[in-house]
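Trainee: Provided below for reference: sequence and predicted model.
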Amino acid sequence: MERRTKSYLQLIKPGITLSNILAAVAGFFLASSAFGFELKTLLGIVIGIAFVIASACVANNVIDRDIDARMKRTKGREVAAGNISVRSAVMFAVALGIVGFWSLLVLTNMLTAILGLVAYVWYVVIYGIAKRTTSLSTIVGGVCGALPPVAGYTAVTGYVDVVAVVLFAMWMVWQLPHFYAISIFRRDDYKKANLPVWSVKYGNDSTRHQMLFWVLVFLALTPALAFVGATCNPYLIAMVAGGLYWAVNGIAHVDEPDEEWARRMFKSSIYVLIVTMVAIGAGGYLM
């Protein structure tokens, strides 16, 4: 029973699910600082996003089971390894999806539920196709990854405005160097699985250049929420410091071997994401 429970828990990719919940919560608190806090809406976001993302991750396990079986990092995933049947995984995904979308519809609003649906279809279908066919798959996948903070924001406001657009842009840009880093230190795995990620198609040097470019774009974007009046000076200081840390860390160690440098940049991106979520969640309340 314990083994079975652990198997199903692994299907929802807990790390991905948790990071998306926290991103949505950050967007929620940013909006709440201006429009007021409602516990019902927060519960709707946490439960809804958690179950929708979990469902999408289970569906991804089913669709990508052939790819997972060819990669060292993923060949032990439950569906790819045959520990959980495709039928059971699909039923699990459907059940999770029903709870998730019901929570978004009942506890938040229609716009947020629609954003959840767009993110779901984009991740499972559009990104699922892109990863097999194009080196731009990281950019394509970034769209669904950038929607949770927007959903957290619209759950409170009920509409998309310039703040929501900035949140989308920040998460979209943050993801690119983060996932390009993975493509460098997992390059052999991706190559074995015949996935045309940027590092496989264009090499590590080109991927490094892409990473540094997008880190600098992220740094340039970080002041935007303060400039549009959604956050405060402490937010601005924290975000500029985080962006500079990421950029300087990459430039100062650019002579390191590819894998070592990529892992350094990956870890830096995690620190920057944590700072970003805290700064955005608290930024509106400190004004």
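Mentor: Cool, got the structure.
Trainee: what's the neighbour count on the closest residue to residue 111 other than its chain neighbours?
Mentor: Using CB to CB, 6 or more residues apart in numbering and skipping the chain neighbours, the partner closest in space to residue 111 is residue 154 (5.1 Å). Every C-beta, even on glycine, is put in place using the N, C-alpha and C of the backbone. Residue 154 has 27 neighbours, counted by other CB atoms under 10 Å.
Trainee: and residue 154, what does it touch?
Mentor: Shown in contact with residue 154 (CB atoms under 8 Å, 6 or more residues apart in numbering): 31, 108, 109, 111, 112, 115, 160, 164.
Trainee: just the buried residues of these.
Mentor: Neighbour counting by 16 or more other CB atoms under 10 Å classes 31, 108, 109, 111, 112, 115, 164 among these as buried.
Trainee: circling back to that earlier point, CSV please, covering the contacts of residue 154 and showing secondary structure, distance to residue 181 and pLDDT.
Mentor: Formatted as CSV, the contacts of residue 154 follow (DSSP: H, G, I helix; E, B strand; the rest coil; distance: CB to CB, whole Å; pLDDT from 0 to 100):
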residue, secondary structure, distance to residue 181, pLDDT
31, helix, 31, 97
108, coil, 33, 97
109, coil, 36, 97
111, helix, 33, 98
112, helix, 31, 98
115, helix, 27, 98
160, coil, 30, 97
164, helix, 27, 98
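Trainee: and the contacts of the helix or strand harbouring residue 18?
Mentor: Residue 18 belongs to helix 14-35 when elements are defined using DSSP states H and E. Here helix 14-35 makes contact (CB under 8 Å, 6+ apart) with 38, 41-42, 45-46, 49-50, 53-54, 57, 145, 148-157, 163-164, 167, 171, 225, 230-231, 273, 276-278, 280-285, 287.
Trainee: try it again at 6 Å.
Mentor: When contacts are defined by CB atoms under 6 Å, 6 or more residues apart in numbering, helix 14-35 is touched by residues 45, 49-50, 53-54, 57, 148-149, 151-153, 155-157, 167, 277, 280-281, 284-285.
Trainee: among these, which are in helices?
Mentor: 45, 49-50, 53-54, 57, 148-149, 151-153, 155-157, 167, 277, 280-281 (DSSP state H).
Trainee: output stretch 53-66 as PDB, nothing but the C-alphas.
Mentor: In PDB, the C-alpha atoms belonging to stretch 53-66 read as follows (Å, rounded to 0.1, in the frame of the first residue of the first chain):
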ATOM      1  CA  ILE A  53      -1.300  20.900 -12.500                       C
ATOM      2  CA  ALA A  54      -1.100  17.500 -10.900                       C
ATOM      3  CA  SER A  55      -3.600  16.200 -13.500                       C
ATOM      4  CA  ALA A  56      -1.500  17.600 -16.400                       C
ATOM      5  CA  CYS A  57       1.600  16.000 -15.000                       C
ATOM      6  CA  VAL A  58      -0.100  12.600 -14.800                       C
ATOM      7  CA  ALA A  59      -1.300  13.000 -18.400                       C
ATOM      8  CA  ASN A  60       2.300  14.000 -19.400                       C
ATOM      9  CA  ASN A  61       3.500  10.800 -17.800                       C
ATOM     10  CA  VAL A  62       1.100   8.800 -20.000                       C
ATOM     11  CA  ILE A  63       1.800  10.600 -23.200                       C
ATOM     12  CA  ASP A  64       5.600  10.700 -22.800                       C
ATOM     13  CA  ARG A  65       6.100   7.200 -21.500                       C
ATOM     14  CA  ASP A  66       8.000   6.200 -24.700                       C
END
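Trainee: then the helix holding residue 18 to CSV, C-alphas only?
Mentor: Provided in CSV are the C-alpha atoms of helix 14-35 (Å, rounded to 0.1, in the frame of the first residue of the first chain):
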residue,chain,number,x,y,z
PRO,A,14,5.5,17.1,-6.7
GLY,A,15,8.3,19.6,-7.4
ILE,A,16,6.5,21.0,-10.5
THR,A,17,3.1,21.0,-8.8
LEU,A,18,4.4,22.8,-5.7
SER,A,19,6.4,25.5,-7.6
ASN,A,20,3.3,26.3,-9.7
ILE,A,21,1.1,26.6,-6.6
LEU,A,22,3.6,29.0,-5.0
ALA,A,23,3.7,31.1,-8.2
ALA,A,24,-0.1,31.3,-8.2
VAL,A,25,-0.1,32.2,-4.5
ALA,A,26,2.4,35.0,-5.2
GLY,A,27,0.1,36.4,-7.9
PHE,A,28,-2.9,36.1,-5.5
PHE,A,29,-1.2,38.1,-2.7
LEU,A,30,-0.1,40.8,-5.1
ALA,A,31,-3.7,41.3,-6.2
SER,A,32,-5.0,41.0,-2.7
SER,A,33,-2.9,43.8,-1.5
ALA,A,34,-4.9,46.2,-3.8
PHE,A,35,-8.3,44.5,-4.0
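Trainee: cheers, nothing more for now.
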